[in-house]
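Asker: can't give you the sequence, but here's the structure:
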């Protein structure tokens, strides 16, 4: 029975390796809350979540003041019980992004510790359904890039073995989106997948209008066309187009996904392990989607999602956006790639080897709860 004796907290700010922009924002900095738990048997586990520039200090305050103190003395193997207890303890701020990100930081640390104690990699401990998962790249599809740049980077991704690319949409007029997408489709051919992402920028009417244009290019999915809270709008859009509608990076509860699936408002869910509250609820989302014969294609955090996708049978894609290179050791941040497929780490735990010197150097906040 491994009892938690100490909880260490860091906030590490990471600069994106390339400029990133979409229809509503620019990705300026990744604020990365991190947790390392230590147990009385000497075992440890490290977890993390992220923001794209705001809220990191709020996540850290919630962890330090309200959540980490409730971990000391708990059995680290009681992962479900701990998640439920912490969720109830923060019920006044749930469901929502800050609470979910804080819960995820702890939950991923607990899973890391469990896997390390058992000697299993996460993808085996959580299910072991797949040995590899196809990758698509988002890193060359940002909204500020010219059509020529999109073509160059998409062709490069294809040559590297990626099975698809994601292109941001939401330019002022649909003709601009179409010119960009058409240029990429003509360059990569019909057998290479193109996903598109509007980052919630459209009204219902405009999303329906643009979807009819996008259909002509055989788009793999239309991601976040509307604000995530507009369930009815997504239902109308899904009924009006042949494009698969993908939602989920801005959804923070299993129950919200259930409503989307029950009403046929999406064809793909994109639960983000950080924004849904950790590995524990992410796996529930994946299995819920499987019961509706719907795939899960998670958003961002490739270093964690490669193992989770390999754990379940209905995860066909991992999104390639590297972000942890500056604070991890080895290439690929715990994941290997082969012929366009992501291969989860065989090492016990999450499969991420942290560079602790870099973490300490880049940390802008640090705290410790418990210990001597």
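Answerer: Everything's here; your move. The structure presented is a predicted model; accordingly, all values stated were derived computationally and were not measured. Residues are numbered from 1 along each chain as shown.

Asker: which ones are touching the closest residue in space to residue 145 that isn't next to it in sequence?
Answerer: In this structure, residue 145 finds its nearest non-sequential neighbour in residue 153, 7.2 Å apart by CB to CB, 6 or more residues apart in numbering. Backbone N, C-alpha and C define where each C-beta goes, glycine included. Contact partners of residue 153, counting by CB atoms under 8 Å, 6 or more residues apart in numbering, are 139-141, 145, 165.

Asker: in the protein, which helix or strand is least confident?
Answerer: Taking mean pLDDT, DSSP states H and E as the measure, the chain has strand 335-338 as its least confident helix or strand, at a mean of 69.

Asker: Now intersect the contacts of residue 153 with the strands, please.
Answerer: Among the contacts of residue 153, DSSP state E puts residue 165 in strands.

Asker: now, the most widely separated pair of the contacts of residue 153?
Answerer: The widest separation within the contacts of residue 153, taken as CB to CB, falls between 145 and 165 and amounts to 11.4 Å.

Asker: the more surrounded of those two?
Answerer: Set residue 145 next to residue 165 and count neighbours by other CB atoms under 10 Å: residue 165 wins out with 27 against 19.

Asker: hang on, that one packs against residue 136?
Answerer: Yes - look at residue 165 against residue 136 with CB atoms under 8 Å: they come within range, at 6.0 Å.

Asker: which residues do the two both contact?
Answerer: With CB under 8 Å, 6+ apart as the test, residue 165 and residue 136 both reach 193, 195.

Asker: got the residue ranges for the helices in the protein?
Answerer: 56-62, 79-89, 97-118, 122-125, 147-159, 174-188, 204-214, 231-240, 254-262, 279-291, 302-311, 356-362 (DSSP state H).

Asker: Format these as CSV; extra columns: mean pLDDT and distance to residue 44.
Answerer: Shown next, in CSV, are those (pLDDT from 0 to 100; distance: least, CB to CB, whole Å):
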stretch, mean pLDDT, distance to residue 44
helix 56-62, 97, 20
helix 79-89, 97, 15
helix 97-118, 97, 6
helix 122-125, 97, 15
helix 147-159, 96, 37
helix 174-188, 98, 44
helix 204-214, 98, 46
helix 231-240, 98, 41
helix 254-262, 98, 29
helix 279-291, 98, 17
helix 302-311, 96, 17
helix 356-362, 96, 11
